[in-house]
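**Student:** Predicted coordinates and the sequence they were generated for:
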Amino acid sequence: MKLFFPMALLLSGFVFSQKTVPSDFKKIPEILDNTDLLYPFIVPDKKFDYWSVLRNDSDPDPDKSIIYESQMPMLMTINDPAPEKGFFQECVGNRCFSYIIACENSQSRYFSDEQQLRTFIGSIDNLPEALLIAKTYGFTFDSGDKTGGSYKMDNQNISLYLSKTKNCPQTKESFFIKINRKTGKLESKSNGVYFKSEDCLNP
């Protein structure tokens, strides 16, 4: 009986260790774990006079809501109210989401949900765009483990190993993801659970 628990732990670790990543996949740079740092790499398929990414924020200072903005032409102001929904909901309630406002032919246009963000990005030009597309489908980047944070690229596809996490008990599941660079279409397949704890995380 004394040997049972250590042996069970060893077997459990052995099972999780089998979730391997091919050697030609590179670890995603840790700095890309910050979603706000991905937006400057977006190359929209359409030509916009101006576009910016904002976070719905109750702070009266509008500058604090700006995550990223492209070069704004002189004398251009956009006074439209913020939308009531957005992408990447980060807390409970009506706030804590992000959205894009763009100016096209002197007309403002919102991109305010996950599908609209995918439309705004269009074809996939680089790794940060691929991470944003994957995030719209609920996949996250685990900077601490290559099983949940690695990639390779060719002319047709960007392939990734990313993660989905459950909070109670804390569980991390690896997924193999392939994104067509021309169409943005995403395909995914589970690569199995690679981390499991008895602890629960606050949502």
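**Tutor:** The structure has been received and is ready for your questions.
**Student:** in the chain, which spans are strands?
**Tutor:** Using DSSP state E, the strands of the chain run over 26-27, 50-55, 66-69, 98-104, 107-111, 150-153, 157-167, 170-180, 186-196.
**Student:** Among those, which comes closest to residue 41?
**Tutor:** strand 66-69 (9.7 Å; Cβ to Cβ). Placement of C-beta: from N, CA and C, glycine included.
**Student:** what about the strands of the chain, which gets the closest to residue 140?
**Tutor:** strand 157-167 (5.3 Å).
**Student:** Low-confidence stretches in the protein?
**Tutor:** 1-18, 57-64, 72-81, 91-95, 202-203 (pLDDT under 70).
**Student:** okay, which residue is most central for it?
**Tutor:** When Cα atoms, centre = their mean is applied to the chain, the residue found nearest the centroid is residue 135 (2.9 Å).
**Student:** Now mean neighbour count and distance to residue 123 too, for the strands of the chain, in a markdown table please.
**Tutor:** Output for the strands of the chain, formatted as a markdown table (neighbours: other Cβ atoms under 10 Å; distance: least, Cβ to Cβ, whole Å):
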| stretch | mean neighbour count | distance to residue 123 |
| --- | --- | --- |
| strand 26-27 | 14 | 22 |
| strand 50-55 | 20 | 16 |
| strand 66-69 | 16 | 20 |
| strand 98-104 | 20 | 17 |
| strand 107-111 | 16 | 16 |
| strand 150-153 | 19 | 13 |
| strand 157-167 | 20 | 11 |
| strand 170-180 | 19 | 9 |
| strand 186-196 | 16 | 13 |
